[in-house]
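> Just the structure for this:
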Amino acid sequence: MQKLAFFLLALVLVVPGGASAELNLPDMGDPSAAMLSPGQEQQLGRTLLREVRRTLPMEQDPLINAYVQALGQRLVSSTPDAHAHFRFLVVDDPRINAFAMPGGIVGVNTGLIAAARDESELAAVMAHEIAHVTQRHLARMYAGSSRIDLATGLAVLAGIIAAAYDPQVGQAAIVGGLAAGTQARINHTRANEREADRIGITILEAANYDPQAMPRFFERMLALSRANPDSIPDFLRTHPVTTERISDSRARAEQYRGSDYRRDSTEFVFTLARVKALIDPAQTIERYRRGGDQDKPEARYGYAVALLERGEVSQAAQAIEGLTDDQVPRLHLQLMHAEIAQRQRRHDDAIAILDGLNDLYPHHAPVIHAYADVLLDAGRTQDALALLDRYLAQSPEEPALVRLKARAADRNNQRAVSHETMAEYYFYLGRYGESLHQLELALQASDLTPFVEERVREKRRIVQTWIR
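Residues are numbered from 1 along each chain as shown. This next block holds a predicted model:
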């Protein structure tokens, strides 16, 4: 985490003097601009999203990402004042934490998913973070500052993200972003936390999740910190929990007397098994072989995930032998069958499975990713490119699939397009220098056409602006 801390602090130290005009934010001395407008907040959020991808270890598993995105959107759809541009990220970090950013960016650690005892607890933390966005706590932190621009915004928000992973670095970043006198206005105050709890509980109830999950989760975090004072959960460092706050959230939750709240979805159960298996494959394998829960389909599935992670393909195939779509969500089970077939070089079998899944789950990122990867392995580069182009035409900012398209274009001897697409990939990760380098390579490619050249030159102009 020292490397992460360095990157986040470096962001604060380097970004002032950068492309502040890109955001075109107002002078805060103007009384009509007490805080960021919704449009400016969206733009700042998109910028910081790229910085987060660059500095934090993002979870690459498509199924885990798709589940968290779906759960987040379910909660947003039950939030009356939410906009339609929320984006949910999963950070590959076993520590228990979550964060929110302007523009509707919400991040959760894999450790938070693994720590959730039920789906309502995970939904409770996500609803709390959604409330920070809808109540514009992050935008309000600018109120009263003398001036805001992209550089200041990135510095301050980098401090918030840094604080989620290293509180000392976070404090340094925040002070570097704004004058020390305004620091109190940008911290998540107790009032903001209480408001996020209150709004989060209403979101939970509206989405038919148990509102008591929020005080229940807080209470468990507090108990963990008291049992081991030297190992305080990171969630408590960035979301201070007191007995008063727990009591307040419990009292609010008790205003709702529903009894028919959602039970754990099968998607949650099997995503939880997948997350735990990927966090610690060895422990998952050892626990299963000791005889724990071998009769449960989710335990067998998690065991198979851990075996695949360790490269034990034949054992993974044996582990899921006999499991049916009635026991395991079809998407999870069939994607695993396809992965096993691909690793065993049975490409026709894998393609047949994924072709069927693509009919059942059209435009679904986990299916598209697996399908395109198998098509490439099977030498069907044109089919892989066509599949990826159709998906990315509707959902362009999917870095993993953009990189897969670059690989497909390279395999298809489309050098200019491959370099251009890799430039997009690096841009989405905030790696602007590498993006520019790929665009320069595209302009030197022997197969560059006038149409592609015009497109690449325009992209180069944009990237050069960011670098300046």
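> Work out the gap between whichever strand or helix holds V463 and the centre of the chain.
Here V463 sits within helix 450-467, counting by DSSP states H and E. Centroid separation between helix 450-467 and its chain, computed with Cα atoms, centre = their mean, to the nearest Å, is 28 Å.
> Please apply the same query to stretch 46-60.
8 Å.
> what do you get for stretch 354-362?
24 Å.
> can you list the residues that contact that stretch?
330-331, 334-335, 338, 364, 367-368, 370-371, 374 (Cβ atoms under 8 Å, 6 or more residues apart in numbering). Any C-beta I mention is one placed from the backbone N, CA and C, and that applies to glycine too.
> The most centrally placed residue in the chain: what's it in contact with?
By Cα atoms, centre = their mean, the mean C-alpha position of the chain lies nearest to L89, the distance being 1.0 Å. Counting by Cβ under 8 Å, 6+ apart, L89 makes contact with 49, 52, 58, 65, 68, 105-108.
> one more time with 7 Å, if that's ok
Each residue near L89 by Cβ atoms under 7 Å, 6 or more residues apart in numbering is listed here: 52, 58, 105, 107.
> quick one: the third one and G45 touch, right?
Yes. Contact criterion Cβ atoms under 7 Å: I105 and G45 qualify, at 5.1 Å.
> In this structure, what residue spans correspond to strands?
Assigned by DSSP state E, the chain shows strands spanning 87-91, 98-101, 105-109.
> counting contacts, what elements does the shortest one pack onto?
Using 3 or more Cβ pairs under 7 Å, 6 or more residues apart in numbering; DSSP states H and E, the elements in contact with strand 98-101 are strand 105-109, helix 119-134, helix 150-165.
> 10 Å - rerun?
Strand 98-101 sits against helix 38-55, strand 87-91, strand 105-109, helix 110-115, helix 119-134, helix 137-140, helix 150-165, helix 234-238, with contacts defined as 3 or more Cβ pairs under 10 Å, 6 or more residues apart in numbering; DSSP states H and E.
> hey, least reliable of those by pLDDT?
Across the helices and strands packed on strand 98-101, helix 234-238 has the smallest mean pLDDT, namely a mean of 55.
> Now do the same contact list for R415.
409, 441-442, 444-448 (Cβ atoms under 10 Å, 6 or more residues apart in numbering).
> which residues in the stretch 351-468 of the chain form helices?
All helices of the stretch 351-468 of the chain, identified by DSSP state H, counting those that start in this stretch, fall at 365-377, 381-394, 399-411, 415-428, 432-444, 450-467.
> between the third one and helix 432-444, how big is the angle?
Here the directions of helix 399-411 and helix 432-444 differ by 30 degrees (axes from the mean of the first three to the mean of the last three Cα atoms, to 10 degrees).
> for the fourth one, same thing?
Here the directions of helix 415-428 and helix 432-444 differ by 170 degrees (the same axes, to 10 degrees).
> swap in the second one?
If you take the same axes, to 10 degrees, helix 381-394 sits at 130 degrees to helix 432-444.
> Please export the C-alpha coordinates of helix 381-394 as CSV.
Extracted in CSV, the C-alpha atoms of helix 381-394 (Å, rounded to 0.1, in the frame of the first residue of the first chain):
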residue,chain,number,x,y,z
THR,A,381,-10.6,-12.8,-34.8
GLN,A,382,-13.2,-11.2,-37.1
ASP,A,383,-16.0,-12.7,-35.0
ALA,A,384,-14.4,-11.5,-31.8
LEU,A,385,-14.0,-7.9,-33.2
ALA,A,386,-17.6,-7.8,-34.4
LEU,A,387,-18.8,-8.9,-31.0
LEU,A,388,-16.7,-6.4,-29.2
ASP,A,389,-17.6,-3.5,-31.6
ARG,A,390,-21.3,-4.1,-31.0
TYR,A,391,-20.9,-4.0,-27.3
LEU,A,392,-18.5,-1.0,-27.1
ALA,A,393,-20.7,1.0,-29.5
GLN,A,394,-23.2,1.1,-26.6
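> neighbouring contacts of it?
351, 354, 358, 362-365, 367-369, 371-378, 380, 398, 401-402, 404-414, 417, 421, 424.
> Ends of stretch 108-126, what's the gap?
8 Å (Cα to Cα, to the nearest Å).
> roughly how far is that stretch from the heart of the chain?
On Cα atoms, centre = their mean, the centre of stretch 108-126 falls 13 Å from that of its chain.
> Same question for stretch 405-424.
Worked out by Cα atoms, centre = their mean, stretch 405-424 lies 25 Å from the chain centre.
> Let me know which of the strands of the chain is the nearest to R343.
strand 87-91 (23.9 Å; Cβ to Cβ).
> how about the closest one as CSV, C-alpha atoms only?
Taking C-alpha atoms only, strand 87-91 is exported to CSV below (Å, rounded to 0.1, in the frame of the first residue of the first chain):
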residue,chain,number,x,y,z
ARG,A,87,-21.1,3.9,-11.6
PHE,A,88,-20.1,1.2,-9.1
LEU,A,89,-16.5,0.0,-8.8
VAL,A,90,-15.0,-3.0,-7.0
VAL,A,91,-11.5,-2.5,-5.5
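> what's the angle between that strand and strand 105-109?
30 degrees.
> Direction-wise, compare strand 87-91 with helix 119-134 and give the angle.
Using the same axes, to 10 degrees: strand 87-91 against helix 119-134 is 120 degrees.
> Helix 38-55 and strand 87-91, what's the angle between them?
Using the same axes, to 10 degrees: strand 87-91 against helix 38-55 is 20 degrees.
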